[in-house]
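**Student:** The following comprises the amino acid sequence and a computationally predicted model.
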Amino acid sequence: MKVLVHLLLISVALCDIPIDPPCTNGNLEFNPPPFQDDLHIIYPDNSNKGAPTLFPNNYQCNIKVNVPPGMWATLNIILNTSNSTGSATAPVIVTDSLGRSENVFSASNEPFYFLGTGGSVKLNTGMSNVSFVLDMSWSAFPYVFSPTNLTLQVSDTTPPAIALCNNSFPYLVQAQSRVSALIIPPFSLSNVYQLRGVVFFDGLNWNRTYIGNAKQAFEKGRLLNSEGNFLTVMFLSPLDCSDANILLQKVENTDPVLGFQGVTCSYEKNTECQGVLETTSYPSAMMTYFLEDHYSETVKSITGNGTLDVYIGGIRADKKNLIASYKAGQTDLLLPQAFKGYSRTYVLNGNNTKASIVFSWTASDLIQHPIGSKGFITSNHYTEKPRTQWADSRIEAPKYSAFSFTIRSADITNSTTMEIMIFGNPYGITFNQTYTADNLPIINKTYYAIGEHMDVQFYSNVPSAGFYLDYEVVKSARGVFTFVTILFVLVRFA
């Protein structure tokens, strides 16, 4: 008899035999264990050191997890399922204290966080052979709140950013009116789950109203706004190093926009990324961000309809940093175009419009343009507050081309130089000028020079507002004349 019992226990241990954990009337409730240093519970409690348990089919249980004031709960979920029926119904639904739900189809020790009064985990196995374990722990917020302070200035064009790379310190953001936060997600979608641990409170510290986490804000394509002039940002667990960031702006600058999304792109060579904007009766927008001075964001195509405004930095009501406007679908001779700065905002205007923006990061401004194309070149922080600036750009054109260009703005003082060179075969260098404080360029004068390459360099070792230059690639009159002359000679002496 003992042998049979032992064999039965061994078979249970080695085989996937469903266990039917108790769930009275389909409901369970958990609180932090009283009078214990280790505020930790595993469900089901027969899980082998946190390993998932195979549940019977059609098992349903609503698990409520309570969170006392001054604490938060961390829920680590392991969920495996065969989903043999192909059902679109999630076996697990996690709902927080704000009533926001997330469907979970699989999870490998994935963390979720409950704040406020807590939340619930709804388990419904259906016919999917679900293995599941829920590991719950409670933690207390720090008694002393010592945040890093950020203040949004009226003069800001580039939104201040909070990097989510191994960050564990709280931030307190202040504006004259209200604060708006936008999430720039990690490029790898497999890391988006970590955004759940970045949480926001409407006020001076964690003891104010909890208003959501970074993952919720990103997936909804919405800004996360404070009601007052303070916003608290906290990290419930350190995030792996990634390219994720929080961009902070004043609400009055973002109010006209209904949908607002953060878009990221890999800076690896030849990686193309895409942002899609849609409007009904209100504008929609997307922002990109990359903290790198030696890269440009090159927009390659804008398809669809509507008008697309491009800002360097965030939106400003005075449009001081509006750098370009495009009619979607009418950009063949205006793109590609390189945009500088750490962040850019693309705003789509029009009723019932849709536009797709394809862009990539490039380590230089080497752009090839056909005859008839137009564009512009700026220093790397043009439209921002004066600071040290630079540019090293080259525009390539077909053979027998010429460049027509106009310097619209150039802040050149001592320790600042600007060089423009145009050259190409068979003419050599046809334009070569170095501008300094003693040799300033003539603003709004149009220059013309034959060549296939235009190089523009700008170096400032002192704070400068930078420069803006627009250009057009045109057909070289000398190239046509040379061709006609050679043709005449060939015909004349044939």
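**Tutor:** All right, it came through fine. Numbers count the residues shown, from 1 in each chain.

**Student:** would you list every one of the strands in the stretch 201-350 of the chain?
**Tutor:** Ranges of strands in the stretch 201-350 of the chain, per DSSP state E, counting those that start in this stretch, are 209-213, 224-225, 230-235, 245-250, 259-262, 273-278, 284-289, 296-304, 307-312, 322-327, 337-339, 343-349.

**Student:** Given the helix or strand hosting Leu134, what are its sheet partners and their directions?
**Tutor:** Using DSSP states H and E, the element containing Leu134 is strand 131-140. Looking at strand 131-140 with DSSP bridges, its partner strands are strand 40-43 (antiparallel), strand 53-54 (antiparallel), strand 71-80 (antiparallel).

**Student:** Identify whichever of those lies nearest to Leu469.
**Tutor:** Proximity to Leu469 (Cβ to Cβ) singles out strand 71-80 among those, at 52.6 Å. C-beta here means a position set from N, CA and C on the backbone, and glycine is covered the same way.

**Student:** circling back to that earlier point, in the strand holding Leu134, what's buried?
**Tutor:** Buried residues in strand 131-140, counting neighbours by 16 or more other Cβ atoms under 10 Å, are found at 131-136, 138.

**Student:** do stretch 430-448 as well
**Tutor:** Within stretch 430-448, the residues that qualify as buried by neighbour count (16+ other Cβ under 10 Å) are 430-431, 435, 441, 447.

**Student:** and if you look at stretch 404-412?
**Tutor:** Buried residues in stretch 404-412 (16+ other Cβ under 10 Å): 405-407, 409-412.

**Student:** Count the neighbours of the nearest residue to Met136 once chain neighbours are set aside for me.
**Tutor:** Leaving aside its chain neighbours, Met136 sits nearest to Ile41 (4.8 Å; criterion: Cβ to Cβ, 6 or more residues apart in numbering). For Ile41, the neighbour count with other Cβ atoms under 10 Å is 17.

**Student:** Tell me how far Ile41 lies from Val133.
**Tutor:** As defined by Cβ to Cβ, to the nearest Å, Ile41 lies at a distance of 11 Å from Val133.

**Student:** before we move on, what about Gly262?
**Tutor:** Distance from Gly262 to Val133, by Cβ to Cβ: 33 Å.

**Student:** Check Thr280 too.
**Tutor:** Computed as Cβ to Cβ, the Thr280 to Val133 distance reads 44 Å.

**Student:** What of Glu272?
**Tutor:** 41 Å.

**Student:** Is Ile246 in contact with Val198, as I believe?
**Tutor:** Yes - with contact defined as Cβ atoms under 8 Å, Ile246 reaches Val198; the gap is 7.3 Å.

**Student:** Mind listing the shared neighbours of the two?
**Tutor:** Residues touching both Ile246 and Val198 (Cβ atoms under 8 Å, 6 or more residues apart in numbering): 164, 214, 233.

**Student:** For the nearest residue to Glu252 once chain neighbours are set aside, list the residues it contacts.
**Tutor:** Of all residues not flanking Glu252 in the chain, Ser177 sits nearest, at 6.0 Å (Cβ to Cβ, 6+ apart). Residues in contact with Ser177 (Cβ under 8 Å, 6+ apart) are 229, 250-252.

**Student:** before we move on, what about Leu248?
**Tutor:** Counted by Cβ under 8 Å, 6+ apart, Leu248 has contacts 150, 152, 159-162, 173, 179-182, 231.

**Student:** Could you rerun that using 6 Å?
**Tutor:** Residues counted as contacts of Leu248 (Cβ atoms under 6 Å, 6 or more residues apart in numbering) are 159-160, 173, 181.

**Student:** Could I get the contacting residues of the most centrally placed residue in the chain?
**Tutor:** In the chain, the centroid-proximal residue (Cα atoms, centre = their mean) is Ile184; its distance is 2.6 Å. Taking Cβ under 6 Å, 6+ apart, we find Ile184 in contact with 245, 262, 264, 289.

**Student:** Do you know the pLDDT at the residue nearest to Met136?
**Tutor:** According to the prediction, Ile41 has pLDDT 92.

**Student:** so how far is Lys300 from it?
**Tutor:** Computed as Cβ to Cβ, the Ile41 to Lys300 distance reads 53 Å.

**Student:** One more: Ile407?
**Tutor:** 26 Å.

**Student:** cool, and Gly350?
**Tutor:** 22 Å.

**Student:** Give me the more crowded residue out of the two.
**Tutor:** Gly350 (18 against 15).

**Student:** For the more buried one, which non-adjacent residue is spatially closest?
**Tutor:** Gly306 (3.6 Å).

**Student:** And for Met234?
**Tutor:** Using Cβ to Cβ, 6+ apart, the closest residue to Met234 is Pro170 (4.7 Å).

**Student:** Kindly report the same for Tyr311.
**Tutor:** Tyr311 sits nearest to Thr345 (Cβ to Cβ, 6+ apart), 4.3 Å away.

**Student:** quick one, what contacts the one you found?
**Tutor:** Here Thr345 is in contact with 285, 287, 311, 314-315 (criterion: Cβ under 6 Å, 6+ apart).

**Student:** Repeat that for Ile211.
**Tutor:** So Ile211 contacts 200, 202 (Cβ under 6 Å, 6+ apart).

**Student:** all strands of the stretch 51-200 of the chain, in order?
**Tutor:** Using DSSP E, counting those that start in this stretch, strands in the stretch 51-200 of the chain cover 53-54, 60-66, 71-80, 92-95, 101-104, 107-114, 118-124, 131-140, 148-151, 161-163, 171-174, 179-184, 198-202.

**Student:** nearest to Thr383, of the ones you listed?
**Tutor:** strand 161-163 (17.0 Å).

**Student:** Thr209: neighbour count?
**Tutor:** Neighbourhood size, Thr209 [other Cβ under 10 Å]: 13.

**Student:** ditto for Pro69
**Tutor:** 8.

**Student:** Against Ser97, how distant is it?
**Tutor:** Relative to Ser97, Pro69 is positioned 12 Å away (Cβ to Cβ).

**Student:** Could you do Ile183 as well?
**Tutor:** The value you get for Ile183 to Ser97, if Cβ to Cβ is used, is 20 Å.

**Student:** for Leu115, same thing?
**Tutor:** 6 Å.

**Student:** more neighbours, the two?
**Tutor:** Between Leu115 and Ser97, Leu115 has the larger neighbour count (other Cβ under 10 Å), namely 23 against 14.

**Student:** Contact partners for the more buried one?
**Tutor:** 72, 210.

**Student:** Number the residues from 39 up from this point.
**Tutor:** Sure thing, new numbering starts at 39, so read that last one as Leu153.

**Student:** any idea how far it is from Tyr248?
**Tutor:** Relative to Tyr248, and taking Cβ to Cβ, Leu153 is found at 5 Å.

**Student:** next one: Ala323
**Tutor:** 26 Å.

**Student:** Likewise for Lys378?
**Tutor:** When Lys378 is compared with Tyr248 (using Cβ to Cβ), they lie 38 Å apart.

**Student:** Settle it for me: which of these two has more neighbours?
**Tutor:** Lys378 (25 against 21).

**Student:** What's the mean pLDDT across stretch 473-480?
**Tutor:** 97.

**Student:** Could you list the low-pLDDT ranges of the stretch 239-388 of the chain?
**Tutor:** Applying pLDDT under 70 to the stretch 239-388 of the chain flags the ranges 279-280, 306-308.
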